[in-house]
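Participant: need a structure here:
(2 chains)
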Amino acid sequence: MGLDYYQIKKNIRRARKLVIWGTNAAGSGHPGGSFSMAEILGCLFGRHLKFNPKDPQWEKRDRLVLSKGHAAPGLFSNMAVAGYFPESQIQTLRKFGSKLQGHPDLKCPGVEFCGGSLGTGLSYSVGIALGAKINSEDHHVYTIIGDGESNEGQVWEAAMTASKYRVDNLTAFLDRNFIQQDSYTEKVMPLDEILDGDDLSEMWKDASRWKTGDKWRSFGWNVIEIDGHRVEQIDDAITRANATKGVPTIIISRTIKGKSIEHMEDNPQWHGKAPDSDIVPIINLELDSQFMIAPSIIAGDMTNLENEVKRCVSGRADYVHLDVMDGMFVSTKTFDHTKIKQLRTLCILPFDTHLMINEPVKHVRDYVDAGSDIITVHAEVTDESSFGEIHDLLRQNQVSVGLAINPDTELPDWSWQFLPSLDQLIVMSVVPGKSGQRYLEETHAKMARLNQVLCENNFSGYIEADGGINLENIESVFADGARVFVGGGAIVGQDDIRSAIRDFRTVALKSRRQALLDRAHQLGGTDLINKWINLHIIGKKQEQLKQIAQEAGYL
Amino acid sequence: MTDMRSEYSKTLIQLGHDNSDIVVLGADTTDSLKTAAFGKEFPDRFFNVGIAEANLVTISAGLAASGKISFASTYAIFLPGRAVDQIRNNVAYPSPPGKKGLDVKLVTSHGGLSVGPDGGSHQQLEDIAIMRVIPNFRVFIPADTVSVSKLTQLMAREYGPFYMRMARSKTTLVHSDSQEFQTGRGITLRDGSDCTIAACGITVRMALDAAESLQQAGVSCRVLDMFSIKPIDDQILAKAAKETGCIVTAEEHNVMGGMGSAVTESVSESCPVPVRRVGVHDMFGESARDDEIHLLLEKHGITSFNIANQVRDVRSKL
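Facilitator: Take a look at the predicted model:
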């Protein structure tokens, strides 16, 4: 089974947009804390929670308790995406007569806990879990607590109780976003090592200061610490938590308040504030413009691919891009599914398998079984029937579905019907077969043609740029619509892979900022540009944005 | 003289045998409250959460959300005051479809001044006021062990949040075993036509004694056990006001917001008559050895003698 990576990513993106829609319509609410837990909820709803939106009271359902109840827009948005109610109902958030109250409420079927008064959700969850144990029911309780609310003594009362009664049918998440209403958590009431001085901006990057896990361990809990915005880490942590018997588990998830929207990220102002209407379209574009970096390991040492995978992990890549070549579809031969199966044991990063092989329909199951999370096949060697078969097989196995075309191939007409549910499209910008080729400039014109087809056919997936991508051309490729960047020589071929990936991200970020400034200018001219730039009060973002705007002639 | 806590514990165990959904929770006072006996009988349905009242209340709510009937008990001083947020937001407020609040019964002991030696810090004189204003909660103060047993059974039977406060000291029986108890229905213990004494908890015995002494002086008093303070029995009070013309209330609680207030609010809307409230007048308590508790009660006028005096006084001003 795959990770269902793109489906989860798409749901998370959708839910974030609903949070923006709802809080903007309400004129208030808490987007910051909704965004810091967006991946956690997306992964729970997409992969782990047992629930039935048509029967919210189904007895065997898992229970999700949102203890940090002010993040209600995040919960409601995920419930809408999961089908509990139509997405348009998010407009009624916080309004008179709505079941979508300011804080989670049983008035909304499917909500398990009336949150709002902080620090109580874990005790409530312990009660539910104890009840399930008495009844010998095997449903699971998932609880999300905030780091701000961990100031409340009751959290620790509950922690002791869960440990005493060996409540192992409970998994808690700590949404460790380092910000509470007044300020940074370490200013208001430190959970980690006390910080002397004011240099808060860097402190949560310093792992040696993190003591929160020790606190929970000393209370007798199984502690798993992860990056709370990485779907694969969340998924893996939940799987491990559920397999742990005899003690409760807490997944301490380091997150960023306001994650995905630069002006909200790490900004205490966005704890409880709604976005203005004129900023909403820019926010939505920003959500559509999140990007991923996928190093292609065949650009490295082919005799030691294990090491290349490890370099991807230490370099903080988003995926591992695996180019499978059979020596027939392309003249070169790389490796097949047996190698992927060996590599799979080395890490949990999503495997982005690009099959450059003949008759993929005959072999695709092997690549599913080997542990691929995304599988892309070529249009040149598939047709409506075989691609349909591949599509269904991948969906059944929660593997994301990709389609690739070579430089001299147009997107075939038969493929259009699959575009609405296609997760990934690769428009090759080199002739496939070997690493180290130059980007073909005519790809830009091809992308312009293709984007119209994609738009007309409701494509909602991700475009992966593959072939000759480097720091010089990311900007133009980003402008073409690509959001996943495969890096061969430019990443894997570099000695310092971590710094190469960081450089890729920096350029991609600049491209995104450019696109957002273009949109702001188009929607509201210099006034909107200034307003939007001025929202970026944390770090050096404001100066950097001003510089890009000046270069573009907007200021 | 019988002991309310023993009766509560005995009744819980009986209920526990009849209904496997009943769970009992305590906060390091399970020996004193005698609920530990339930734990011996049903170890899987008994939880001692330690000295953590907020946690006690919220875990009880979580168990109720899992379909259990939670009885959570500790001293009166530590529950309504200390955990009012959890009582409000975790028990009373969450209302599953078609229901009001969660199925949690908060049963406390050591209410009022009669706690004695532990002193003012431990004498709960505000719990009725606190619990009365929380929607979906019903509030009981039993007068004797018969009441404790019957009301415990009633709470197990009727869905939703209840608060019941017992006294620490032993009490004499005022009810017969055959007495029926209904939520929101006061009990007429003695009929009379000149004045009504409305009492709850240990003051019911005092009210009966006062009525007896007044009878000898030719004043006929009606005595009501207003064990159900919320909902209050508007009918029995309106009838009493109409037929006896005045009311004296007596309680081991601040006269502000307590049973006397509830009675006053009720008759002021149905049949306004003079009401005199016996109780603690906006003060805290203080220590008194067990054999001095009567002195402490006397200081605050919570005696049959003062109740009788108030009856005479209120009648003299009619």
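
Participant: for residue 124, which non-adjacent residue is spatially closest?
Facilitator: Just so you know, I chose chain A. B:Gly62 (4.1 Å; C-beta to C-beta, 6 or more residues apart in numbering or on different chains). Using the backbone N, CA and C atoms, a C-beta is placed for each residue, glycine as well.

Participant: oops, chain B please
Facilitator: B:Ala76 (3.8 Å).

Participant: so the one you found touches B:His110, yeah?
Facilitator: Yes - counting by C-beta atoms under 8 Å, B:Ala76 does reach B:His110; the two are 5.5 Å apart.

Participant: what do those two both touch?
Facilitator: Residues within reach of B:Ala76 and of B:His110 at once, by C-beta atoms under 8 Å, 6 or more residues apart in numbering or on different chains, are B:Gln124.

Participant: more neighbours, those two?
Facilitator: B:Ala76 (28 against 25; other C-beta atoms under 10 Å in any protein chain shown).

Participant: which residues does that one contact?
Facilitator: B:108-112, B:124, B:127, B:165.

Participant: so which bits of chain A are right by chain B?
Facilitator: Contact residues, chain A versus chain B (C-beta under 8 Å from any C-beta of the partner chain): A:57, A:63, A:105-107, A:109, A:112-114, A:116-117, A:119-120, A:123-132, A:134-135, A:153-154, A:157-158, A:160-161, A:165.

Participant: what subset of those is buried?
Facilitator: A:63, A:105-106, A:112-114, A:116-117, A:119-120, A:123-132, A:134, A:154, A:157-158, A:160-161, A:165 (16 or more other C-beta atoms under 10 Å in any protein chain shown).

Participant: which ones among the residues you listed lie within strands?
Facilitator: A:Arg63 (DSSP state E).

Participant: A:Ile251 in helix, strand or coil?
Facilitator: Following DSSP: H, G, I helix; E, B strand; the rest coil, the label given to A:Ile251 is strand.

Participant: OK, contacts around it?
Facilitator: By C-beta under 8 Å, 6+ apart, the neighbours of A:Ile251 are A:171-174, A:224-226, A:234, A:237-238, A:241.

Participant: just the buried residues of the residues you listed.
Facilitator: Using 16+ other C-beta under 10 Å, the buried ones in the contacts of A:Ile251 are A:171-174, A:224-226, A:234, A:237-238, A:241.

Participant: just to revisit the earlier point, restricted to helices, list the buried ones among the residues of chain A next to chain B.
Facilitator: Those of those mapping onto helices are A:123-132, A:134, A:154, A:157-158, A:160-161, per DSSP state H.

Participant: from memory A:Ala159 sits against A:Arg217, does it?
Facilitator: No - A:Ala159 sits out of contact with A:Arg217 when judged by C-beta under 8 Å, with a separation of 10.7 Å.

Participant: which of these two has more residues huddled nearby?
Facilitator: A:Ala159 (25 against 12).

Participant: select the longest helix from chain A.
Facilitator: Every helix in chain A considered (DSSP H), the longest is helix A:497-534.

Participant: which element follows that helix toward the C-terminus?
Facilitator: helix A:541-551 (DSSP states H and E).

Participant: give the buried residues for that next one.
Facilitator: Those would be A:541, A:544-546, A:548-549, for helix A:541-551 by 16+ other C-beta under 10 Å.

Participant: likewise for stretch A:296-314?
Facilitator: A:296-300, A:305, A:308-309, A:311-312.

Participant: so how far is chain B from the closest residue to A:Thr249 other than its chain neighbours?
Facilitator: Nearest residue to A:Thr249 in three dimensions, chain neighbours excluded: A:Ala241, at 3.8 Å (C-beta to C-beta, 6+ apart). Separation of A:Ala241 from chain B (C-beta to the nearest C-beta, to the nearest Å) stands at 19 Å.

Participant: got the contact list for the helix or strand in which A:Ala241 is found?
Facilitator: In this assignment (DSSP H and E), A:Ala241 forms part of helix A:231-243. Applying C-beta under 8 Å, 6+ apart, the contact partners of helix A:231-243 are A:3, A:5, A:8-9, A:12, A:39-40, A:42-44, A:47-48, A:140, A:171, A:222, A:224, A:226-228, A:249, A:251, A:253, A:348-350, A:373.

Participant: then stretch A:534-551?
Facilitator: Contacts for stretch A:534-551 (C-beta under 8 Å, 6+ apart): A:201, A:262-263, A:265-267, A:269, A:279, A:510, A:513-514, A:517, A:529, A:533, A:555.

Participant: then stretch A:365-372?
Facilitator: Contacts to stretch A:365-372, defined as C-beta under 8 Å, 6+ apart, come from residues A:2, A:322, A:324, A:336-338, A:340-341, A:344, A:351-353, A:355, A:375, A:393-394, A:397, A:399.

Participant: do the same with stretch B:55-62
Facilitator: Against stretch B:55-62 from outside (C-beta under 8 Å, 6+ apart): A:120, A:123-131, A:154, A:157-158, A:161, B:23, B:25-27, B:47, B:49, B:70, B:72, B:74, B:79, B:83, B:86-87, B:90-91, B:94, B:102, B:104, B:106.

Participant: go with 7 Å
Facilitator: Outside stretch B:55-62, the residues that touch it by C-beta atoms under 7 Å, 6 or more residues apart in numbering or on different chains are A:120, A:123-128, A:131, A:154, A:157-158, A:161, B:25, B:27, B:47, B:49, B:70, B:72, B:74, B:83, B:86-87, B:90-91, B:102, B:104.

Participant: got it, and stretch B:264-281?
Facilitator: In contact with stretch B:264-281 (C-beta under 7 Å, 6+ apart) are residues B:113, B:125, B:232, B:234, B:237-238, B:241-242, B:245-251, B:253-255, B:258, B:260, B:263, B:300-302, B:306-307, B:310, B:313-314, B:317-318.

Participant: now, which of those residues lie within strands?
Facilitator: B:247-251, B:253-254.

Participant: ok, back up a step: any of the contacts of stretch B:264-281 buried? List them.
Facilitator: The neighbour count (16+ other C-beta under 10 Å) marks B:113, B:125, B:232, B:234, B:237-238, B:241, B:245-251, B:253-255, B:258, B:260, B:263, B:300-302, B:306-307, B:310, B:314 as buried among these.

Participant: which residue does chain A have closest to chain B?
Facilitator: Distances between chain A and chain B by C-beta to the nearest C-beta are smallest at A:Gly127, namely 1.9 Å.

Participant: got the residues of the stretch 51-200 of chain B near chain A?
Facilitator: B:52, B:54-55, B:58-63, B:65-68, B:85-86, B:89-90, B:93-96 (C-beta under 7 Å from any C-beta of the partner chain).

Participant: which of the residues you listed are buried? Put it as a PyMOL command.
Facilitator: Command for PyMOL that selects the buried part of those, burial taken from 16+ other C-beta under 10 Å:
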select buried, chain B and resi 52+54+55+58+59+60+61+62+63+65+66+68+85+86+89+90+93+94+95
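
Participant: from the residues of the stretch 51-200 of chain B next to chain A, which ones fall inside helices?
Facilitator: Short answer: those in helices (DSSP H) are B:54-55, B:58-63, B:65, B:85-86.

Participant: which strands or helices does the worst-scoring helix or strand of chain A on mean pLDDT pack on?
Facilitator: Within chain A, no helix or strand scores below helix A:185-188, which has a mean of 88 by mean pLDDT, DSSP states H and E. Packing contacts for helix A:185-188, counted by 3 or more C-beta pairs under 7 Å, 6 or more residues apart in numbering or on different chains; DSSP states H and E, involve no helix or strand.

Participant: mind giving me the domain split of chain B?
Facilitator: B:4-165, B:187-316 (automatic domain parsing).
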